[in-house]
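**Q** Here's a sequence, model it:
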Amino acid sequence: MKILIIGGSGHVSGAVCRECLQRGHDVTVLTRGRRPVDPRVKAISADRNDAAAMRAAFADPALRFNAVIDCICYAPEEMAVMLELFRSRCQQLVFVSTDFVFDPAQRRFPQSVDAPILADDDNGNQSYGYKKSLCEQLLHRESADSDLSWTVFRPCHIYGGNSRLGCFPCHCRDVDILARLQRNETITLVDGGHFLQQPILVDDLAVTIASCLGNSLAARRTFNMAGPDIVESAAYYRLIADALGVDLRIRTTPLAEHLQLRPGDRPFLCHRIYSLADLTDAKLTPPNTRLADGIRQHVQNLLAAKPA
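**A** Residues are numbered from 1 along each chain as shown. From the prediction side, this is the model:
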């Protein structure tokens, strides 16, 4: 298949690119050219935030693809440009959304894919989750206007590769988290780190995304994406500490106190547990890497990449 990946060198898009190449697909990536891309791909240079540059990059009507995978669409304006460019030039548009589209006030456990999503702009701050939900809504409206097939994935916390470790809200993507733990520093967790989550390894996410390509059972459907293990946030950090061979020291901050200081964190302070039954129903490849194994490899990657 001819595949276009929007991104191609980032955390998620890079993993998707590698998986598509592994499956023998003809891969093109859209990139700003700031980071190297796999030499086996074709590269188109443009800033996806620049609508004029996007239109210029794909001005040739001969540029057509079996599927376009957008890993870095964060705003409805960007999705509108994607639909303008590709509704008649690809058979399938895959959008990597987020589990933060769900309304935190109406979460259920496990959360099904049809649970309520954010219906307003979170007090006017145009939150990450709300903007992703608007992108999803544009795809749903597209169903009435064209024959474009689309598939949406809503991953929860993604780890793996050489990305920064740490989850919401206190140490999210904390560049110093390994050093803090190695120095036996105490880390702060809200409410003792009892919020449940279901982290997914980026390579597992890439495999599932690749398994939807050309799959009619995934057409015009949305899927929750999460790993096979459900753990408390404290247990997530304990696995990191175990991989480093150090003890974990936790300081707890009360939920009410944290929200008083950082009210914008409210959407992140909830259990993130998901039903993945729809993946099996659509014959997609489900994530299967156990969290302890994935965290151990992730820590090894980061330690190996650290300058001597």
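**Q** now the helices: where do they sit in the chain?
**A** Assigned by DSSP state H, the helices in the chain fall at 11-22, 51-57, 76-86, 128-145, 177-182, 202-211, 233-244, 255-261, 277-281, 291-305.
**Q** would you turn the ones you listed into CSV with mean pLDDT?
**A** CSV is the format used below for the helices of the chain (pLDDT from 0 to 100):
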stretch, mean pLDDT
helix 11-22, 96
helix 51-57, 97
helix 76-86, 97
helix 128-145, 92
helix 177-182, 96
helix 202-211, 98
helix 233-244, 97
helix 255-261, 92
helix 277-281, 94
helix 291-305, 97
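**Q** At the geometric centre of the chain, which residue sits there?
**A** Centroid-nearest residue in the chain, with Cα atoms, centre = their mean: residue 155, separated by 4.8 Å.
**Q** That residue pairs with what?
**A** residue 225 (DSSP bridges).
**Q** Enumerate every residue touching it.
**A** 12, 96-99, 200, 205, 225-226 (Cβ atoms under 8 Å, 6 or more residues apart in numbering). For glycine as for every other residue, the C-beta is placed from the backbone atoms N, C-alpha and C.
**Q** Could you report the distance from residue 45 to residue 83?
**A** Noted for residue 45: a distance of 22 Å to residue 83, by Cβ to Cβ, to the nearest Å.
**Q** which of the two has more neighbours?
**A** It is residue 83, of residue 45 and residue 83, that has more neighbours when counted by other Cβ atoms under 10 Å, with 19 against 12.
**Q** Count the residues that sit near the closest residue to that one other than its chain neighbours.
**A** Of all residues not flanking residue 83 in the chain, residue 142 sits nearest, at 5.8 Å (Cβ to Cβ, 6 or more residues apart in numbering). Neighbour count of residue 142, defined by other Cβ under 10 Å: 18.
**Q** same question, residue 292
**A** 15.
**Q** Pretty sure it sits against residue 241.
**A** No: counting by Cβ atoms under 8 Å, residue 292 stays clear of residue 241, with 11.9 Å between them.
**Q** what do those two both touch?
**A** Contact with both residue 292 and residue 241 is made by no residue, according to Cβ under 8 Å, 6+ apart.
**Q** In this model residue 259 seems to touch residue 269, though I could be wrong.
**A** Yes: between residue 269 and residue 259 there is a contact at 7.3 Å, judged by Cβ under 8 Å.
**Q** what residues do these two have in common as contacts?
**A** With Cβ under 8 Å, 6+ apart, residue 269 and residue 259 have no common neighbours.
**Q** re earlier: any idea of the pLDDT on the residue nearest to the centre of the chain?
**A** Per-residue confidence (pLDDT) for residue 155: 97.
**Q** ok, residue 27 - contacts?
**A** Applying Cβ under 8 Å, 6+ apart, the residues contacting residue 27 are 3-5, 8, 17, 20-21, 38, 40-42.
**Q** so which of these would you say is closest to residue 88?
**A** Closest approach between the contacts of residue 27 and residue 88, by Cβ to Cβ: residue 4, at 14.1 Å.
**Q** for that closest one, which residues make a bridge with it?
**A** Beta-bridge pairing for residue 4 (DSSP bridges): residue 28, residue 68.
**Q** just checking, it touches residue 30?
**A** Yes: using Cβ under 8 Å, residue 4 is in contact with residue 30, at 6.8 Å.
**Q** So which of the two has more stuff around it?
**A** Neighbours per residue, other Cβ under 10 Å: of residue 4 and residue 30, the larger number sits with residue 4, 25 against 22.
**Q** Who are the contact partners of that one?
**A** 27-30, 65, 67-69, 90 are the contacts of residue 4 under Cβ under 8 Å, 6+ apart.
**Q** hmm, 6 Å instead?
**A** By Cβ atoms under 6 Å, 6 or more residues apart in numbering, the contact list for residue 4 reads 28, 65, 68.
**Q** Using JSON lines, please lay out those together with neighbour count.
**A** JSON lines is the format used below for the contacts of residue 4 (neighbours: other Cβ atoms under 10 Å):
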{"residue": "28", "neighbour count": "19"}
{"residue": "65", "neighbour count": "20"}
{"residue": "68", "neighbour count": "24"}
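**Q** Closest one of these to residue 109?
**A** When those are compared against residue 109 (criterion: Cβ to Cβ), the nearest one is residue 68, at 33.7 Å.
**Q** how close does residue 145 sit to residue 287?
**A** Distance, residue 145 to residue 287, by Cβ to Cβ: 33 Å.
**Q** typed the wrong thing, it's residue 38
**A** 23 Å.
**Q** Look at those two and report which has more neighbours.
**A** residue 287 (24 against 15).
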